[in-house]
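Student: Here is my input; please provide its structure:
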Amino acid sequence: MVRQEVSSGKVLLAEPFMLDPNFKRSAVLLCEHSEEGSVGFIMNKPLNMRIDELIDGFPEFDSEVFFGGPVQTDTIHYIHNVGGLVEESVKVTDGVYWGGDFEKLKFLISSNLILPQNIRFFVGYSGWTEGQLNDEMVYGSWVLADMDANYLFKSEPNQLWTQVMYNKGDAYTVIAQMPDASNWN
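Tutor: Presented below is the predicted three-dimensional model:
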């Protein structure tokens, strides 16, 4: 088996028996990975609230907010597929962009140029200090997978961990079918 290199634009899948409640069965999009550390967002933990309910003065917008991770949970982040429209956004991988000019984003939303299916909002983020993620990879805490924009914008969040694990093929299809131990199936 070829070992993939950790890099921006990859998905980190929590190993099936991870007990940390922040990351249990999570699929994390890695947006930044360097010598200094790493930043990512959990793609499959919806918070059952809308962005316009969370931010005063935000245009009415039927877009669910997700728990991005346990770091700085007083911050809002966004990942979208309209990098050409949102200045200052950072390309993470094909069809996936991170951040950008927030005032321009609100204008594009109020003008119906960005729709809920184009963007995901996150409270907080997942962060790793220098060398921490590499150590966790060696320990076996994460399974690395390729990112597909459809995972973020078209997949059902509650099925995402299983879907990405299954898409890796081979032994991962068996892992994907393992019941969540907390369900005692």
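
Student: Now the closest residue to Met178 other than its chain neighbours: which helix or strand?
Tutor: Using Cβ to Cβ, 6 or more residues apart in numbering and skipping the chain neighbours, the partner closest in space to Met178 is Pro16 (5.3 Å). Placement of C-beta: from N, CA and C, glycine included. For Pro16, there is no helix or strand it lies in under DSSP states H and E.

Student: Can I get the helix or strand of the chain with the lowest mean pLDDT in PDB, CA atoms only?
Tutor: Sorting the helices and strands of the chain by mean pLDDT, DSSP states H and E puts helix 172-176 at the bottom, at a mean of 72. C-alpha atoms of helix 172-176 as PDB (Å, rounded to 0.1, in the frame of the first residue of the first chain):
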ATOM      1  CA  TYR A 172     -11.400   0.400   4.200                       C
ATOM      2  CA  THR A 173     -14.800  -0.800   2.800                       C
ATOM      3  CA  VAL A 174     -14.900  -3.200   5.700                       C
ATOM      4  CA  ILE A 175     -14.000  -0.500   8.200                       C
ATOM      5  CA  ALA A 176     -16.700   1.800   6.700                       C
END
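
Student: Show me what that helix packs onto, helices and strands only.
Tutor: Judged by 3 or more Cβ pairs under 8 Å, 6 or more residues apart in numbering; DSSP states H and E, the packing partners of helix 172-176 are helix 160-167.

Student: residues contacting Glu32?
Tutor: Taking Cβ atoms under 8 Å, 6 or more residues apart in numbering, we find Glu32 in contact with 8, 38-40.

Student: What about the residues you listed, which are in helices?
Tutor: Counting by DSSP state H, no part of the contacts of Glu32 is found in helices.

Student: Now do the strands in this protein.
Tutor: 10-14, 27-34, 37-42, 46-50, 64-67, 71-80, 90-93, 96-98, 119-129, 142-146 (DSSP state E).

Student: Tell me the strands beside the fifth one, with direction?
Tutor: Looking back up the chat, that one is strand 64-67. strand 46-50 (antiparallel), strand 119-129 (parallel) (DSSP bridges).

Student: cool, the last one as well?
Tutor: According to DSSP bridges, strand 142-146 has the following sheet partners: strand 10-14 (antiparallel).

Student: Using CSV, write down the CA coordinates of the strand it pairs with.
Tutor: What follows is strand 10-14, C-alpha atoms only, in CSV (Å, rounded to 0.1, in the frame of the first residue of the first chain):
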residue,chain,number,x,y,z
LYS,A,10,-6.7,16.0,2.0
VAL,A,11,-9.4,14.5,4.2
LEU,A,12,-8.5,13.2,7.7
LEU,A,13,-10.9,10.4,8.7
ALA,A,14,-10.9,9.6,12.4
